[in-house]
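Novice: build me a model from this:
(one chain, ligands or ions: 3)
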Amino acid sequence: MLLKGARVIDPQVGIDGVMDVLVDGGLIAEVSEAVDAPEGCEVVDCAGKVLVPGLVDMHVHFRDPGFEYKEDIASGVRAATHGGFTDVATMPNTDPVTDTGTAVRYQIDRGADAGLTRVHPIGALTRGEDGESLAEIGDMVMEGACGFSDDGHGVQSAGMMRTCMEYVSQFDRAVIAHCEDESLTANGVVNEGRASTRLGMFGWPALGEELEVMRDIELCRLTGCPLHVAHISTARSLDLVRAAKAEGLPVTCEVTPHHLFLTEENITDSYNTNLKVNPPLRTRDDAEALVAGLADGSIDCVVSDHAPHAAHEKDCEFEIAYFGTVGLETTLPLMLTYLVDRGTVTWQRLVEVLAVAPRRILRLAPVAVEAGSAADLTLIDPEAAVTVTPEYFESKSKNSAFLGLHLKGAASDVVIGGKRVLEAGLVR
Ligand SMILES: NC(=O)N[C@@H](CC(=O)O)C(=O)O
Ligand SMILES: [Zn+2]
Ligand SMILES: [Zn+2]
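Specialist: Ligands and ions are numbered 1, 2, ... in the order given. As a prediction, the model looks like this:
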């Protein structure tokens, strides 16, 4: 297959220019200004589009096994492919929890059966995510777990988290921390401050996150285990991560589009339960600090934290609605519309935060737009018009914090292992 005339952008190899990319089998055979199509070669006209290394969303919830009515692996990978991702990492808060090698293998195999976006399971740190005893981490590494997390909960005991980090540090994997001290956040549904006061609801204070970020950075120092802070949401958490990085500690972090582009102010007028997320939407100052941190390199990657929930779990009082927003199909359009098109984030930085850094943090093989690399590629149409409606989603769930928006720019094609799985915006 010959991808002809796209603007190819890959900071890893220092390219930004209009090129032809020849794919042979699962690999990239040639990247140059003019490649003649070999006989019988499928030619894809990519004029006006941008070709980048395949995008990776390193934080999604596919609810399989256990809550397949919200999402299963087959529907999850369709959403991921539609969103432009060649690879995703799935969180272990399934039922049963993904805490054994068999459970990890199940997700990889189900993902492979679908033949779309690849699924890389993240294993649980503790058995059943109960925070009390270590899960079968070595067994999960052997079956292909790409990282470890009790996402959905913080590990409440510092001693248990220390044990987890000491154990994981024997393997070449990161601990991905959902930082939440539940003694501070109990019952909290919105940011503690103006939002909780105006709405008369229990607050989830910034300190509930920051205290565990501080603790886990200290445990990283003690154990040497790579620490990745999930869905960072406050300016102070970011400062803590910056300071840790400046000291040379192996600390990285991620941010979601909803924490970049929405604030607690979006909730106060609407009571829209799709804006109920964990951690909660914070202040405008926090969101601005996160955008700055993403642009300056302090934040390593962008993740959707795709958290599908059924209609009845959101169409209810704010206090009892489930936490989470779907995100796989809006992350790229939001990034393009609000950051790249406006020049806040360069295309090169977009590729770093959505393709390069997540592979590094998950210890996946690097992918670059150069001869010899795996042909895992995302083709972006910067002019595509996206209207976020329930019908737009391939996901089983429609609980998007961004419903109703008109966005500009989306993936048009996705190539995985040399196979085109998204063609002109349609999942095969
Ligand atoms: N983020 C959310 O609001 N919800 C996630 C859990 C999580 O990511 O902590 C979920 O599993 O629904
Ligand atoms: Zn979480
Ligand atoms: Zn999550």
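
Novice: let me see the contact set for residue 42.
Specialist: 1, 2 (CB atoms under 8 Å, 6 or more residues apart in numbering). Where you see a C-beta, it was placed from the backbone N, CA and C, and this is true even at glycine.

Novice: measure it to residue 116 for me?
Specialist: Counting by CB to CB, to the nearest Å, the gap from residue 42 to residue 116 is 19 Å.

Novice: just residue 6 next, same as before
Specialist: Counting by CB to CB, the gap from residue 6 to residue 116 is 21 Å.

Novice: what's the closest non-adjacent residue to the residue in the chain that ligand 2 sits nearest to?
Specialist: Of all residues in the chain, the one sitting closest to ligand 2 is residue 178 (3.5 Å; CB to the ion). In space, and not counting its chain neighbours, residue 178 is closest to residue 151: 4.6 Å by CB to CB, 6 or more residues apart in numbering.

Novice: was I right about the one you found contacting residue 122?
Specialist: Yes - Residue 151 lies in contact with residue 122 (CB atoms under 8 Å); the separation is 7.3 Å.

Novice: what's the overlap in contacts for these two?
Specialist: Common neighbours of residue 151 and residue 122 (CB under 8 Å, 6+ apart) are 91, 92, 176.

Novice: ok, and the most crowded of those residues?
Specialist: residue 176 (30 neighbours; other CB atoms under 10 Å).

Novice: apart from its chain neighbours, what residue comes closest to that residue?
Specialist: Residue 176's closest residue in space is residue 149 (CB to CB, 6+ apart), at 3.8 Å.

Novice: now do the contacts for the one you found.
Specialist: Counting by CB under 8 Å, 6+ apart, residue 149 makes contact with 91, 92, 122, 123, 124, 125, 175, 176, 177, 178, 230.

Novice: which of those tops the neighbour count?
Specialist: residue 124 (32 neighbours).

Novice: re the thing from before, just the ones in strands from the contacts of residue 149, please.
Specialist: When the contacts of residue 149 are checked against strands (DSSP state E), the matches are 175, 176, 177.

Novice: could I get these as CSV with pLDDT and distance to ligand 1?
Specialist: As requested, the ones in strands among the contacts of residue 149 are exported to CSV (pLDDT from 0 to 100; distance: CB to the nearest ligand atom, whole Å):
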residue, pLDDT, distance to ligand 1
175, 99, 15
176, 99, 10
177, 99, 11
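
Novice: what about residue 46, neighbour count?
Specialist: Residues near residue 46, counting by other CB under 10 Å, number 24.

Novice: which residues sit against the helix or strand hosting residue 4?
Specialist: Following DSSP states H and E, one finds residue 4 within strand 2-10. Here strand 2-10 makes contact (CB under 8 Å, 6+ apart) with 15-23, 31, 35, 37-38, 41-47, 49-53, 347-348, 351, 368-370, 377, 379, 415.

Novice: which residue ranges form the helices in the stretch 301-428 of the chain?
Specialist: Under the criterion DSSP state H, counting those that start in this stretch, helices of the stretch 301-428 of the chain are mapped to 311-314, 331-335, 347-351, 357-361.

Novice: now, of these, which is deepest in the fold?
Specialist: When the helices of the stretch 301-428 of the chain are scored by mean count of other CB atoms under 10 Å, the highest mean neighbour count falls to helix 331-335 (a mean of 25).

Novice: and the stretch 101-250 of the chain, which residues reach ligand 2?
Specialist: 151, 178 (CB under 5 Å from the ion).

Novice: quick one, strands of the stretch 101-250 of the chain?
Specialist: Ranges of strands within the stretch 101-250 of the chain are 118-121, 175-177, 190-191, 203-204, 227-229, based on DSSP state E, counting those that start in this stretch.

Novice: in TSV: the ones you listed, plus distance to residue 212.
Specialist: Formatted as TSV, the strands of the stretch 101-250 of the chain follow (distance: least, CB to CB, whole Å):
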stretch	distance to residue 212
strand 118-121	23
strand 175-177	7
strand 190-191	16
strand 203-204	13
strand 227-229	9
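
Novice: residue 388 is nearest to which of these?
Specialist: strand 190-191 (22.5 Å; CB to CB).

Novice: okay if I get the strands of the stretch 101-250 of the chain as CSV plus distance to ligand 3?
Specialist: CSV is the format used below for the strands of the stretch 101-250 of the chain (distance: least, CB to the ion, whole Å):
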stretch, distance to ligand 3
strand 118-121, 14
strand 175-177, 9
strand 190-191, 18
strand 203-204, 15
strand 227-229, 12
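
Novice: nearest to residue 218 among the ones you listed would be which one?
Specialist: Comparison of the strands of the stretch 101-250 of the chain against residue 218 by CB to CB identifies strand 227-229 as nearest, at 10.1 Å.

Novice: and that closest one, is it in reach of ligand 1?
Specialist: No - on the criterion CB under 6 Å from any ligand atom, strand 227-229 is out of touch with ligand 1, staying 12.4 Å away.

Novice: nearest residue to the middle of this structure?
Specialist: Centre of the chain computed as the mean C-alpha position; nearest residue by CA atoms, centre = their mean is residue 303, 2.4 Å away.
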